[in-house]
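> quick one, structure for this:
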Amino acid sequence: MGRCGLNIVVSDTSPLRALSHLELLPILSKLFSEIIVPPAVEQELAVEVVGTPAVRLDLIPGLRIVPPTDRRQVNELMAKRLGRGESEAIVLATEIRPDAILVDDAQARAAAAALGVQTLGVLGLLLRAKRQGLVDRLLPLIDRLTSEIGFRVSPQLRLRVLEAAGEA
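Prediction:
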């Protein structure tokens, strides 16, 4: 089992893109024994976005690409204004029942939670990494995400995460 109490996770695009930008993709294999992404997430990560290069999934040991089987449910989530990657990741998570889904978008997190899937965002990942000694400080990482790639963090969430990290 991963050292943070989670073993298997399904990931959406945003957390992987953020960790890639911070050059922290390798921490995933230290936090989890298996990281699974659906094909739509793999495709989204292969494209440069907002000045960030494509994400190299080969930098994540233990990563597997697994397609969801329930295309009807994927289409239903997309009809609710979720992206293809989010929709596939959520449906895949309902099918394989991982310990959590890595997802940042509020609407996608709500949809996953409504289907009984535990969610974890990139800030939660970074907090776990700090608690395990994999990163030294969160503040500079959060600042880089917000200023360099436009990652949105509410002032309240920022404060809560920094307080939990002992950096407030």
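> drop to CA atoms for contacts and neighbour counts, all remaining ones
Will do.
> so for R56, what's the pLDDT?
For R56, the pLDDT comes out at 88.
> could you report the distance from it to P68?
R56 sits 22 Å away from P68, going by Cα to Cα, to the nearest Å.
> neighbour count for the two, which is higher?
Using other Cα atoms under 10 Å, the more surrounded residue of R56 and P68 is P68, with 22 against 14.
> verify the stated contact: that one with P38.
Yes - applying Cα atoms under 8 Å, one finds P68 in contact with P38, separated by 6.8 Å.
> what touches both of the two?
Residues touching both P68 and P38 (Cα atoms under 8 Å, 6 or more residues apart in numbering) are 88-89, 92.
> who does the helix ranked longest in the chain touch, helix- and strand-wise?
Ranked by residue count and defined by DSSP state H, the top helix of the chain is helix 84-96. Contacts defined by 3 or more Cα pairs under 8 Å, 6 or more residues apart in numbering; DSSP states H and E place helix 84-96 against strand 8-11, helix 39-45, helix 71-79, strand 100-102, helix 106-114.
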